[in-house]
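Chemist: Please find the sequence and the predicted model below.
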Amino acid sequence: MNIQWFPGHMAKTRRLLAENLKLIDVVIELLDARIPRSSKNPEIDEIIKNKFRIIAMNKADLADEKISKEWGNWYSSQGYAVIFIDSIKGKGINELKNEMRKLMKDKLEREKEKGRIFRPIRTMIVGIPNVGKSSFINKIAGKASATTGDKPGVTRGKQWIRMNEEIEMLDTPGILWPKFDDKRVGMNLAYTGAIKDEIMDITEVAAELLFYLKSTYPQAIKDRFKIDFEEDTNGIQLLKAAGKKRGCIVSGGEIDLMRIAAIILDEFRGGKIGRITLERPTKN
């Protein structure tokens with residue numbers, strides 16, 4: 001599949017991020033725990049440089065726990081602070097806040113010595129589309145959050161959301177779109193919904209996903225779709241078998257490939273097929 005994706009606002013968001021970074025103490029880089037490599041924008045490291053950063057692996061409840069541990073160890077070995085998050089249930093949020101306090105402890109102590117006793121930690125969240133940024137912000141800010149209004153030196157239109165007495169978050173467009181040349185990265189983004197289904201051939205996406213899962217999580221698709229397969233079964237054959245089992249039949253007995261493709265992608269994204277991670281730190 002030839003994926004064509006040319007985001008026109010990449011340069012604009014890059015400039016916006018660079019401008020906002022001057023106001024920020026800690027950057028929270030939000031990744032999808034199912035695709036920790038594919039959901040990481042390759043330009044983030046260059047843009048953020050030496051700014052304090054926490055990698056928050058969102059949707060951890062949908063990812064393979066064993067492989068998540070591998071990713072946690074790998075990113076930690078690269079010098080990153082890594083927290084696994086479930087934005088819906090709020091798991092990992094307190095741990096994330098504690099990590100921010102830990103990173104900023106020395107700096108805040110120095111500022112207290114200068115008389116700035118109540119200075120809050122300022123943070124900003126960056127992440128690709130459909131990584132769960134909105135749910136994450138809502139959960140980390142909580143019901144008690146309040147917009148603190150414009151502050152000196154803040155460009156008109158930007159506002160700070162107070163998470164608590166210690167932490168404020170800059171509420172500004174921070175989404176960065178990934179640039180990719182690797183087909184596998186593009187497909188992983190398509191599987192998880194980071195690329196809109198409307199610009200993809202979802203039958204091909206679903207077929208590729210089933211073919212990949214056949215070798216990595218074979219029992220999961222056998223159990224979920226009640227199908228069996230041989231070693232040489234291809235993705236389209238798997239798609240048709242699943243469609244037959246689910247009753248996705250049109251007149252003439254043909255399989256409704258669009259319908260079963262939409263079902264498969266929806267069930268994968270909702271975790272109904274199982275806890276699945278599509279890439280490992282030691283493999284492409």
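Modeler: Perfect, thanks for sending it.
Chemist: okay, how far is it across stretch 72-91, tip to tip?
Modeler: Distance between the two ends of stretch 72-91: 16 Å, counting by CA to CA, to the nearest Å.
Chemist: Could you check it and say which residues are buried?
Modeler: Buried residues in stretch 72-91, defined by neighbour count with 16 or more other CB atoms under 10 Å: 72, 74-75, 81-87. Quick note: C-beta positions are derived from backbone N, CA and C, even for glycine.
Chemist: Those residues in strands, which ones?
Modeler: Among these, DSSP state E puts 81-84 in strands.
Chemist: Point me to the helix or strand that includes Leu265.
Modeler: Per DSSP states H and E: Leu265 is located in helix 257-269.
Chemist: contacting residues around that helix?
Modeler: With CB atoms under 8 Å, 6 or more residues apart in numbering as the test, helix 257-269 has contacts from 191-193, 197, 202-203, 205-207, 209-210, 224-225, 239-240, 242-243, 246, 248, 273, 276.
Chemist: Out of the ones in strands among the buried residues of stretch 72-91, which comes closest to Met104?
Modeler: Ala81 (11.7 Å; CB to CB).
Chemist: secondary structure class for the closest residue to that closest one other than its chain neighbours?
Modeler: Spatial nearest neighbour of Ala81, excluding adjacent residues (CB to CB, 6 or more residues apart in numbering): Ile54 at 4.7 Å. The three-state assignment at Ile54 reads strand, by DSSP: H, G, I helix; E, B strand; the rest coil.
Chemist: So in terms of bridging, what pairs with Ile54?
Modeler: Beta-bridge partners for Ile54, by DSSP bridges, are Ile28, Ala81.
Chemist: how far away is it from Glu46?
Modeler: Using CB to CB, to the nearest Å, Ile54 is found at 18 Å from Glu46.
Chemist: Please tell me I have it right and the residue nearest to Ala81 contacts Val26.
Modeler: Yes: with contact defined as CB atoms under 8 Å, Ile54 reaches Val26; the gap is 6.4 Å.
Chemist: joint contacts of these two?
Modeler: Residues touching both Ile54 and Val26 (CB under 8 Å, 6+ apart): 100, 103.
Chemist: can you list the domain ranges for this structure.
Modeler: Listed domain ranges for the chain are 10-171, 201-269 (source: automatic domain parsing).
Chemist: closest one to Asp181 among these?
Modeler: So among these, domain 10-171 is nearest, using CB to CB, at 10.0 Å.
Chemist: Now that closest one: average pLDDT?
Modeler: Domain 10-171 comes out with an average pLDDT of 83.
Chemist: So the most far-flung residue of the chain relative to its centre: helix, strand or coil?
Modeler: Centroid-distance maximum for the chain: Gly252 at 41.3 Å, with CA atoms, centre = their mean. Recorded secondary structure, Gly252: coil (three-state DSSP).
Chemist: ok, now how distant is it from Ile276?
Modeler: Remark: distance between Gly252 and Ile276 (CB to CB) = 34 Å.
Chemist: quick one, strands of the stretch 51-200 of the chain?
Modeler: Taking DSSP state E, counting those that start in this stretch, the strands of the stretch 51-200 of the chain run over residues 52-58, 81-84, 121-127, 146-149, 159-162, 167-171.
Chemist: elements contacting the second one?
Modeler: For strand 81-84, the elements it packs on are strand 52-58, helix 65-77, helix 93-113, judged by 3 or more CB pairs under 8 Å, 6 or more residues apart in numbering; DSSP states H and E.
Chemist: and if you look at the fifth one?
Modeler: Packing contacts for strand 159-162, counted by 3+ CB pairs under 8 Å, 6+ apart, involve strand 146-149, strand 167-171.
Chemist: pLDDT of the helix holding Leu265, averaged?
Modeler: Per-residue scores along helix 257-269 average to 97.
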